[in-house]
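**Q** need a 3D model of the sequence below.
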Amino acid sequence: MEYYPSRHRKTSGFMKDKKVVIVTGAAGGIGRALSHRFAAGGYQVVAAARDADGLAGVTGELRATGEECLPVCRSE
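**A** Numbers count the residues shown, from 1 in each chain. Reported below is the predicted structural model:
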């Protein structure tokens with residue numbers, strides 16, 4: 001694993017020039033609603049959930065509206 005101090009951090013298009021928010025439980029309920037609200041507010045959303053199908057759903061919804069979303073799902 002490489003470490004880059006913040007002023008020298010290598011970035012892709014994600015997390016560049018926008019604020020980033022991490023939403024846990026993003027597959028449903030309040031987490032899903034918060035993901036949509038933050039995305040609409042200009043944040044890039046890192047959506048985390050244990051439900052892979054629900055996570056795929058919210059990720060698809062956000063991307064369909066042109067918002068960026070990085071899904072993170074725990075695999076067992």
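
**Q** give me the neighbour count for Ala48.
**A** 19 (other CB atoms under 10 Å). Yep, even glycine has a C-beta here, placed from its N, CA and C like the rest.

**Q** before we move on, which element is the residue nearest in space to the middle of the chain in?
**A** Nearest to the geometric centre of the chain sits Val46, at 2.0 Å (CA atoms, centre = their mean). For Val46, the host element (DSSP states H and E) is strand 44-49.

**Q** okay, buried residues for the next helix-or-strand element following that strand please.
**A** Using DSSP H and E, the helix or strand that follows strand 44-49 in sequence is helix 52-64. Buried positions in helix 52-64, judged by neighbour count with 16 or more other CB atoms under 10 Å: Gly54, Leu55, Gly57, Val58, Thr59, Leu62.

**Q** out of those, which is nearest to Leu34?
**A** Val58 (10.2 Å; CB to CB).

**Q** who are the packing partners of the strand holding Val46?
**A** For strand 44-49, the contact count by 3 or more CB pairs under 8 Å, 6 or more residues apart in numbering; DSSP states H and E identifies strand 20-24, helix 29-40, helix 52-64, strand 69-73 as packing neighbours.
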